[in-house]
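J.: Sharing a model prediction with you, sequence too.
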Amino acid sequence: MTKENDTGDSAEIVRLDSANEALKEHFMQWQCRLRQIIMREKEGKPDASIMPALKLKNSDEAMGHIITLICKAPAYSKVPELKHMVRKTHDPANRRKSALTLFSETYYQRASEFSDILTCTFSPNSEGATAIKRAGHVTLEFEAYNQSFHLYCKVWRLSEHNPLWQATYWHNLLFNPSLPGDTIILGFEPDWSKAVANPMPGSR
């Protein structure tokens with residue numbers, strides 16, 4: 001709905017909680033579909049659909065693009081399975097094959113099982129990660145397949161004990177065996193009341 005100012009003119013858009021939830025579900029379902037396609041058709045190679053442009057708070061210029069990951073919520077965690085796949089073989093090709101099998105099948109079938117906090121890995125001592133964390137908030141701009149989302153996000157540096165850190169690290173280790181143990185992992189928590197989608201859910 002639209003909030004009016006004292007003159008009766010339209011001021012800011014105020015979404016109901018149900019609309020915020022619908023927008024979040026729309027984004028998560030979209031991302032799950034895209035990631036399943038990447039695993040099934042592109043052998044897990046990231047493409048633009050999961051690599052949003054990142055703009056620091058109060059900046060109109062993109063700092064660059066980051067590769068994002070969505071992780072299962074703790075109640076649906078697959079971290080034990082990911083660890084097992086990493087540890088059962090030292091052959092990167094076999095690890096990758098096992099990972100593609102898991103992620104191509106049912107892993108992304110239920111968007112409701114995923115946290116809406118996106119994550120991204122950065123190398124230790126990354127200046128980019130430092131700048132992003134210092135900014136505190138960023139905008140992530142996704143665009144693919146005639147759909148776009150602009151997400152205003154709070155930035156978190158995840159600790160190694162955080163379930164999303166664990167999920168991100170072990171997922172990425174399956175595809176990158178040289179991933180450092182002290183990898184920096186940032187979390188991006190969207191404020192769905194400020195998110196913008198084009199088209200919006202239900203508009204087609």
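T.: That came through fine. The structure presented is a predicted model; accordingly, all values stated were derived computationally and were not measured.
J.: For this structure, give me the ranges with low pLDDT.
T.: 1-16, 203-204 (pLDDT under 70).
J.: Name the residues of the helix of greatest length in the chain that come out as buried.
T.: Counting by DSSP state H, the longest helix found in the chain is helix 17-41. Applying a neighbour-count criterion of 16 or more other C-beta atoms under 10 Å, one finds 19-20, 22-24, 26-32, 34-36, 38-39 buried in helix 17-41. In this view, the C-beta of every residue, glycine as well, is placed from N, C-alpha and C.
J.: Please enumerate the helices of this structure.
T.: Using DSSP H, helices in the chain cover 17-41, 79-87, 92-104, 127-135, 163-175.
J.: Need the residues that contact the third one.
T.: Pointing back at helix 92-104 there. 35-36, 39-40, 43-44, 78, 81, 85-86, 88-89, 171, 174-175, 177 (C-beta atoms under 8 Å, 6 or more residues apart in numbering).
J.: give me the number of residues near the residue nearest to M51 when sequence neighbours are not counted?
T.: What sits nearest to M51 in space, not counting adjacent residues and going by C-beta to C-beta, 6 or more residues apart in numbering, is H65, at 4.6 Å. H65 has 15 neighbours, counted by other C-beta atoms under 10 Å.
J.: which ones are touching H65?
T.: H65 makes contact with 48, 51-54 under the criterion C-beta under 8 Å, 6+ apart.
J.: let's see 7 Å
T.: 51-54 (C-beta atoms under 7 Å, 6 or more residues apart in numbering).
J.: biggest strand in the chain by residues?
T.: strand 147-157 (DSSP state E).
J.: next one: that one to chain centre, how far?
T.: 8 Å (C-alpha atoms, centre = their mean, to the nearest Å).
J.: got the contact list for stretch 165-175?
T.: Residues contacting stretch 165-175 (C-beta under 7 Å, 6+ apart): 44, 69, 71-72, 77, 79, 82-83, 85-86, 95-96, 99, 119, 121, 158-159, 179, 183, 185.
J.: Buried only: go through these for me.
T.: Buried among the contacts of stretch 165-175 (16+ other C-beta under 10 Å): 44, 69, 71-72, 77, 79, 82, 85-86, 95-96, 99, 119, 121, 158, 183, 185.
J.: Tell me who's in contact with the most centrally placed residue in the chain.
T.: Residue closest to the average C-alpha location in the chain (C-alpha atoms, centre = their mean): L118, at 3.0 Å. By C-beta under 7 Å, 6+ apart, the contact set of L118 is 68-70, 188.
J.: Would you mind measuring from it to R95?
T.: Using C-beta to C-beta, to the nearest Å, L118 is found at 24 Å from R95.
J.: ok, what's across the strand from the closest residue to S49 other than its chain neighbours?
T.: The shortest distance from S49 to any non-neighbouring residue, by C-beta to C-beta, 6+ apart, is to A144 (3.5 Å). For A144, the beta-bridge partners are Q147 (DSSP bridges).
J.: and A144, how many neighbours does it have?
T.: A144 - counted by other C-beta under 10 Å - has 16 other residues nearby.
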